[in-house]
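**Q** Quick one, what's the 3D model for this:
(2 chains)
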Amino acid sequence: MSAGLDDIDKAIINGLQGGFPLSEEPFAEAGMRLGLDEDDLIARIQKMLDDGALTRFGPMYHAEKLGGGLSLAAMKVPEADFDAVAEKVNAHPEVAHNYARDHAFNMWFVLATGAPGRIEQVIAAIEEETGLKVYNMPKIEEFYIGLSFGA
Amino acid sequence: MNGIPAIDHMDRQIVLATQEGLPLTARPYHAVAKRVGLEPQEVIVRMRRLLDQGVIRRIGVIPNHYALGYLGNGMAVWDVADESVLEMGRMIGDLDYVSHCYLRPRFPPEWPYNLFAMVHGHDRGQVLERVDKINAVMDEDARAHDVLFSTRILKKTGLRLPT
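**A** Numbers count the residues shown, from 1 in each chain, chains lettered A, B, ... in the order given. The predicted structure is shown next:
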């Protein structure tokens, strides 16, 4: 687990999931808080990106506030039809992620669209193509998102 | 519900220039400014406004769960009474091993659950232990719960921002 990450890397991951400064020399400023110099902080972030410990570094945008639609949808797909249905669902470019899960609701996908109203259109199309009901579960409220090294 | 803040053409240029990430140079906003044709200070001011508006959720590192040693993850779901669900959501969202927590609509009777959390652990056993701990804290506020583990990734593409 956590191969190749030392305590300083972990401090960066735990301490820098938000709050990266908006200033002229933000790495110097963020480094000061972490007790690292600018070059070291840049090099460590670069290495963690290269190694895949980080998936991204930078601003995280809120799709809906940029005017887009975002939702989680689920389906109950008969096992025999599963792959054929997955193919039809995945063919929609608005389907960003799709996961099989071990439950009667066995297919879960995220829809991301340029316009909010498009979500309903894509869902109607999937229902038409598959003959199955799509349960649309857009978020009503979101609680803080983050993950850190815990015990 | 949140309204859609006013975002102009230049804001969108900044979004496009930074949605894949910030340049890893000592003055990253200067590099962005050069790309979009603005003064560096203007980029900083605009991004600070986007952050205040919530268009930028946060700026920083986005870790890969697997690299953190979280090899197991389960989507835990609960049916929580409407009057206590916000309190429970905030409590669960604060936990170190929870990466996402959302309130979503129920579809009774087939889907009675309204609170969703991605619970991470070193393996499935640890995920289940952690869900049990959450259940103990929620006590009778949670009327029912379940944990759904993923068995296959059927599709995974990057989320593209509408521009």
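
**Q** can you give me the strands in chain A?
**A** A:54-61, A:69-75, A:95-101, A:107-113, A:135-136, A:141-143 (DSSP state E).

**Q** do you know which of these lies nearest residue B:151?
**A** strand A:95-101 (4.7 Å; Cβ to Cβ). (Glycine included, C-beta is placed from N, CA and C.)

**Q** about what we covered before: and the strands of chain A, which is most packed in?
**A** Greatest average neighbour count among the strands of chain A goes to strand A:107-113 (a mean of 22), per mean count of other Cβ atoms under 10 Å in any protein chain shown.

**Q** Spell out which residues make up each domain of chain A.
**A** Using automatic domain parsing, the domains assigned to chain A come out as A:7-51, A:64-136.

**Q** Could you pull up the contacting residues of residue B:122?
**A** A:1, B:69, B:70, B:71, B:72 (Cβ atoms under 8 Å, 6 or more residues apart in numbering or on different chains).

**Q** Look at residue 18 and say how many residues are nearby.
**A** Just going to use chain A. 16 (other Cβ atoms under 10 Å in any protein chain shown).

**Q** Switch to chain B, please.
**A** 24.

**Q** Repeat that for the one 3 residues further on.
**A** When counting by other Cβ under 10 Å, one arrives at 16 neighbours for residue B:21.

**Q** In contact with the closest residue to it other than its chain neighbours, which residues are there?
**A** Spatially, and ignoring its direct neighbours in sequence, residue B:21 is nearest to residue A:58 (4.0 Å; Cβ to Cβ, 6 or more residues apart in numbering or on different chains). Neighbouring residues of residue A:58 by Cβ under 8 Å, 6+ apart: B:18, B:19, B:20, B:21, B:22, B:59.

**Q** returning to what we had before: including distance to residue B:132 and mean pLDDT, could the domains of chain A go into TSV?
**A** Output for the domains of chain A, formatted as TSV (distance: least, Cβ to Cβ, whole Å; pLDDT from 0 to 100):
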stretch	distance to residue B:132	mean pLDDT
domain A:7-51	25	95
domain A:64-136	18	94
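
**Q** Which among these is found nearest to residue B:96?
**A** Using Cβ to Cβ, those put domain A:7-51 closest to residue B:96, at 9.1 Å.

**Q** End to end on that closest one, go ahead and measure it.
**A** Length of domain A:7-51, first residue to last, Cα to Cα, to the nearest Å: 16 Å.

**Q** and that domain with chain B, contact?
**A** Yes - Domain A:7-51 reaches chain B (Cβ under 8 Å from any Cβ of the partner chain) through A:12-13, A:16-20, A:22-28, A:38, A:42, A:45-46, A:48-49, A:51.

**Q** Okay, and which of the residues you listed map to helices?
**A** A:12, A:13, A:26, A:27, A:28, A:38, A:42, A:45, A:46, A:48, A:49, A:51 (DSSP state H).

**Q** circling back: who's the residue nearest to residue B:21 bridged to?
**A** As for beta bridges, residue A:58 partners with residue B:60 under DSSP bridges.

**Q** the domain parsing of chain B - what is it?
**A** B:9-53, B:72-149.
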